[in-house]
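Chemist: Quick one, structure for this:
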Amino acid sequence: MVLLPFGNDRLGGKLPPSHPESVFGKMKNSNLTGWALASPLLLVLLVFLVTPIIMIIVVSFWGATEWSIYPAFLFDNYEFLLTSDVTYRVFLNTFKYAFITWVFTLLIGFTVAYYLAFHIRTLTWQIALFLLCTIPFLTSNIIRMISWIPFLGRNGIANSTLISMGVIEEPLEWLLFSDFSVLLAFVHLYTLFMVVPIFNTMMRIDKSLIEAAVDAGATGWQTIWHVIIPLTKPGIMIGTIFVVALVMGDFITVRFMSGSQSANMGRLIQNDIALLQYPSASATAVILLVTVLILIGTLLRFVDIRKEL
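Modeler: Numbers count the residues shown, from 1 in each chain. Take a look at the predicted model:
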């Protein structure tokens, strides 16, 4: 009788590929390779994202005087913020800016993306027109924002043109240093963040679905409402996250375009930093961060955007 070897002596000392130990070894090596490849990115996120957030949370509990800050574990900063009427007014102002900006960027972004995706037939023209939309964004946000000031000013191009056409007799004061100019700058700055994800989603829509809707007798608006918009929801949600997060954290636009006559949460943080009230600024930043995360979490419950990433 011939005895067959067991264990690692089989197949010349090698385990068969289907053996559980061999499969487990391959999975282990694959996991180690994945962690090794992801470790540089994890290190960058840990140093430049997680650590600063932890420090902000820690400092938000510190105390402060007029000339110094000191380590402590106090809730004074949060108590002051959550019991102040100014905080709630600024929060409402921030939400107002975010909501109105979101509405206009969505309308403009959806229209531009729809035109590029379904009315421009050739890929070359789609790319050319899309790049044309991105040209203003090759410059700094501050430059594009400040460029509105000579246009909207009392003696600016807009008022001069309207007066010369006889539309108005006196310059419109509300064109600049008002909520209108702030919202106009926001829409100008962040519309592209809505166009890109919506356009990307629309390009993935199967054109046969639209043809089927047309063959079934659907009008253009019915096709948009019942076919295109439901299939574009992931892109809309991604654009919404970008726009809302950017608007709620902005402070430069509100400062310059409102003439320091209006404020949002970012402006509140900037004022505290200017006064060296870092614990108060940190507490405001934590509240703003939690608010934005809640909004993003709520949006993610409606649509699974992982399919788009």
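Chemist: Low-confidence stretches in the stretch 101-250 of the chain?
Modeler: Applying pLDDT under 70 to the stretch 101-250 of the chain flags no residue at all.
Chemist: what are the ranges of the strands in the stretch 201-309 of the chain?
Modeler: For the stretch 201-309 of the chain, applying DSSP state E, counting those that start in this stretch gives no strands.
Chemist: same thing with the stretch 51-200 of the chain?
Modeler: According to DSSP E, counting those that start in this stretch, the strands that the stretch 51-200 of the chain contains are 63-64, 69-70.
Chemist: Tell me which of these lies nearest to W35.
Modeler: Checking those against W35 by CB to CB gives strand 69-70 as the closest, at 38.8 Å. Bear in mind the C-beta positions are built from the backbone N, C-alpha and C, glycine included.
Chemist: tell me which strands and helices the closest one is in contact with?
Modeler: For strand 69-70, the elements it packs on are strand 63-64, judged by 3 or more CB pairs under 8 Å, 6 or more residues apart in numbering; DSSP states H and E.
Chemist: ok, and what's touching the strand it packs on?
Modeler: I69, Y70, A72, L74, D76, L276, Q277, Y278, P279, S280 (CB atoms under 8 Å, 6 or more residues apart in numbering).
Chemist: How far away from the center of its chain is that strand?
Modeler: 33 Å (CA atoms, centre = their mean, to the nearest Å).
Chemist: Name the strands paired with that strand and say parallel or antiparallel.
Modeler: Under the criterion DSSP bridges, strand 63-64 sits next to strand 69-70 (antiparallel) in its sheet.
Chemist: related to what we said a few turns ago, show the buried residues in the contacts of strand 63-64.
Modeler: Buried members of the contacts of strand 63-64, counted by 16 or more other CB atoms under 10 Å: I69, Q277, Y278, P279, S280.
Chemist: before we move on, the earlier item: can the contacts of strand 63-64 go into CSV with extra columns for pLDDT and distance to I294?
Modeler: Formatted as CSV, the contacts of strand 63-64 follow (pLDDT from 0 to 100; distance: CB to CB, whole Å):
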residue, pLDDT, distance to I294
I69, 89, 28
Y70, 89, 31
A72, 90, 28
L74, 91, 25
D76, 92, 24
L276, 87, 30
Q277, 91, 25
Y278, 92, 24
P279, 94, 23
S280, 93, 22
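Chemist: Give me the subset of these lying in helices.
Modeler: Secondary structure from DSSP state H places D76, Y278, P279, S280 of the contacts of strand 63-64 in helices.
Chemist: Just give me the longest helix of the chain.
Modeler: For the chain, the helix that runs over the most residues, judged by DSSP H, is helix 85-114.
Chemist: Any buried residues in it, and which?
Modeler: Within helix 85-114, the residues that count as buried by 16+ other CB under 10 Å are 87, 90-91, 93-95, 97-98, 100-102, 104-106, 108-110, 112-114.
Chemist: Which other helices and strands does it contact?
Modeler: Under the contact criterion of 3+ CB pairs under 8 Å, 6+ apart, helix 85-114 touches helix 179-190, helix 192-202, helix 229-249, helix 265-274.
Chemist: at 10 Å what do you get?
Modeler: Helices and strands touching helix 85-114, by 3 or more CB pairs under 10 Å, 6 or more residues apart in numbering; DSSP states H and E, are helix 76-82, helix 123-134, helix 179-190, helix 192-202, helix 229-249, helix 252-257, helix 265-274, helix 278-300.
Chemist: Same list (these) but as JSON lines, adding distance to Q222.
Modeler: Below are the helices and strands packed on helix 85-114 laid out as JSON lines (distance: least, CB to CB, whole Å):
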{"stretch": "helix 76-82", "distance to Q222": "48"}
{"stretch": "helix 123-134", "distance to Q222": "25"}
{"stretch": "helix 179-190", "distance to Q222": "28"}
{"stretch": "helix 192-202", "distance to Q222": "17"}
{"stretch": "helix 229-249", "distance to Q222": "11"}
{"stretch": "helix 252-257", "distance to Q222": "38"}
{"stretch": "helix 265-274", "distance to Q222": "41"}
{"stretch": "helix 278-300", "distance to Q222": "26"}
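Chemist: Quick one: closest of those to D215.
Modeler: Proximity to D215 (CB to CB) singles out helix 229-249 among those, at 17.6 Å.
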